[in-house]
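In: sequence? don't have it. structure:
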């Protein structure tokens, strides 16, 4: 901050007398008002005497102000700094935006109070999440009633989510497409049709001799630049993934004058193309064009079911079965700004009435660029209305266009701290495809190839007693994101796919069997390659049928448990933990040595000793009862037929057992 706020008095203090500096600001203001933010930032830097090799903004006065002229200088300086920060943010140059907002947040004029919020947004875009959280919290403290305070609170949650996501990245390969695809300007909205990849690009187009004149107030200065050559159009390539030189051509649709087009989608036969089209100062609308031979018809707007002069409609997507058209629109009847909608496509190509995808999908903010896989019934779309890593994040939901599961964030690195939008698959399952993102750019969207990978957790479940595969058992997989469930078939196999290595839990259960739970800590997941394979077995039981606890012993003529016995009871405690609703009775038995009354009392004490120990292991006393049976229920003879002592029989009778009284 001190480095940026260098007090160099000589430069901006000349603003009142040096006409060319004033004119630079007016030129910058003109570009800013016309939303040409890149040009605006260029001229604000000239007005502020910021050169290409400078990271310092020049403050006009280090001394106390004395005149009205001085006040005007300060006002112009602060306005220029703030608009420079705004311009940098608006054309996605967040490193620059962060730099100049860090100065603007020191201004005392209340007109710049939102600088702190945008400073936090720039920090978040630059992956400085902890610093962003601090800035958001400061903004909320100072502006509790501001409408942006709610956005700041959501952004804090998003920053914390981003920190967690980057600790445990998803198993996704990201590869930037070759430079022929990602040329100058924006390159985005890829769509795969057979062997070709169509995409939108605003790469420069030469317009010979055409000039764009910007005049300042009073006409003191004229700034002449080439007409904006960055016109959005549709391009395609046949070998988009090639590492070497690839051929990129413009799609041959005869467009009306001054029309820009973007975001194509095709009918399954490839003979009808749908796209977003617009002219300057007009609403976005969806057009279509039909192919005859090698030629495309003049584009025609879709009907009133989709388009209207009163709202924007854009980003069409046709399902692979050709039955539905999905799109994004800010038409009335939605839940927020831009919502996702769909229309049925009739056999003759006409459209049914628009239907909103509902509030499970749509938020109070923007939902963009739908992609729906009719095979997996999964919807992939972008939104800035949910907790995420950056601006627009990819989310996924499963459904049938009417009913949807809660959308899940696709995580890092599928998403980034900037904008991620437009997905198209190049395989049937949607695991391999292309996206658009400005993650590696200071201004513009670029096309990336993405491939989701998975880690497999699998094995065989058997009956511990028979050793045979166990069918119809429920296997529950749980991790940070939720649960998955499967039922084993006759082979007894289970298999789950996960997309990142973070702690998981498996629970195996079946009627008349003890459930078991197995945990995989991060360390075990991290050291594995692509597979964890482990076999497990579950033990059967019947209600009120005793199960002997082998090797539970007590001190001689005592109810005190031996250390080996405690280890056996630890295993029972685990069974109780894995079967949280189960209730048991712990019973103790003796042989026939000694008086009946003594043996009865000793068995009661020993049974209670087991219950008391399990309580120390965290098992609720309400789930257990103890009962002593003395010598009344032998399972082996205490003596042989002629009265000779039977040590082995008596050893079997001196036992501790439990039975399930409630499951």
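Out: On my side now, so go ahead. Since the structure is predicted, the reported quantities are computational estimates derived from the model, not experimental observations.
In: off-centre distance for whichever strand or helix holds residue 275?
Out: Assigned by DSSP states H and E, residue 275 belongs to strand 272-278. The chain centroid and the centroid of strand 272-278 are separated by 29 Å under CA atoms, centre = their mean, to the nearest Å.
In: what helices or strands is that strand leaning on?
Out: Strand 272-278 sits against strand 260-266, strand 285-292, strand 313-318, with contacts defined as 3 or more CB pairs under 8 Å, 6 or more residues apart in numbering; DSSP states H and E. For the C-beta atoms, the positions are set from N, CA and C on the backbone; glycine is no exception.
In: and the contacts of that strand?
Out: 234, 251, 253, 255, 259-267, 284-291, 296, 299, 301-302, 314-316, 318, 325, 349 (CB atoms under 8 Å, 6 or more residues apart in numbering).
In: any idea how far stretch 355-370 is from the chain center?
Out: With CA atoms, centre = their mean as the basis, the distance from the averaged C-alpha position of stretch 355-370 to the chain average is 16 Å.
In: residue 117 and residue 154 touch, don't they?
Out: No: Residue 117 is beyond contact range of residue 154, at 11.9 Å (criterion: CB atoms under 8 Å).
In: pull the longest helix from the chain.
Out: helix 68-90 (DSSP state H).
In: so which bits of the next helix or strand after that one are buried?
Out: Later in the chain than helix 68-90, the nearest helix or strand by DSSP H and E is helix 94-104. Going by neighbour count (16 or more other CB atoms under 10 Å), the buried part of helix 94-104 is 94, 96, 97, 98, 99, 100, 101, 102, 103, 104.
In: the second one and residue 115, how far apart?
Out: Residue 96 sits at a distance of 14 Å from residue 115 (criterion: CB to CB, to the nearest Å).
In: also the first one?
Out: Using CB to CB, residue 94 is found at 14 Å from residue 115.
In: also the fifth one?
Out: Shown here: residue 99 relative to residue 115, a distance of 12 Å by CB to CB.
In: now do the contacts for residue 154.
Out: By CB under 8 Å, 6+ apart, the neighbours of residue 154 are residue 387.
In: give me the three-state assignment for it.
Out: Following DSSP: H, G, I helix; E, B strand; the rest coil, we place residue 154 in the helix state.
In: quick check: closest non-adjacent residue to residue 338.
Out: residue 366 (4.4 Å; CB to CB, 6 or more residues apart in numbering).
In: can you give me the pLDDT of the one you found?
Out: What the model reports as pLDDT for residue 366 is 97.
In: residue 639 now?
Out: As summarised for this prediction, residue 639 has a pLDDT of 88.
In: which of the residues in the helix or strand residue 447 falls within are buried?
Out: Per DSSP H and E, residue 447 falls inside strand 446-452. Across strand 446-452, burial judged by 16+ other CB under 10 Å covers 446, 447, 448, 449, 450, 452.
In: so how far is that strand from its chain's centroid?
Out: How far strand 446-452 lies from its chain's middle: 16 Å, per CA atoms, centre = their mean.
In: ok, now which ones touch the residue nearest the centre of the chain?
Out: Nearest to the geometric centre of the chain sits residue 409, at 2.4 Å (CA atoms, centre = their mean). The contact partners of residue 409, by CB under 8 Å, 6+ apart, come to 161, 165, 386, 387, 388, 389, 393, 394, 395, 415.
In: helices - which of these land there?
Out: Per DSSP H, helices hold the following members of the contacts of residue 409: 161, 165.
In: just the buried ones from the contacts of residue 409, in PyMOL syntax?
Out: Applying 16+ other CB under 10 Å to those, the buried members can be selected in PyMOL as follows:
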select buried, resi 161+165+386+388+389+393+394+395+415
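In: and the contacts of residue 409 as TSV, adding pLDDT and distance to residue 135?
Out: Shown next, in TSV, are those (pLDDT from 0 to 100; distance: CB to CB, whole Å):
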residue	pLDDT	distance to residue 135
161	96	17
165	94	20
386	96	21
387	96	18
388	96	18
389	95	17
393	98	20
394	98	26
395	98	26
415	97	21
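In: kindly reformat the contacts of residue 409 as a markdown table containing distance to residue 421.
Out: Shown next, in a markdown table, are the contacts of residue 409 (distance: CB to CB, whole Å):
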| residue | distance to residue 421 |
| --- | --- |
| 161 | 18 |
| 165 | 18 |
| 386 | 14 |
| 387 | 17 |
| 388 | 12 |
| 389 | 13 |
| 393 | 9 |
| 394 | 8 |
| 395 | 11 |
| 415 | 10 |
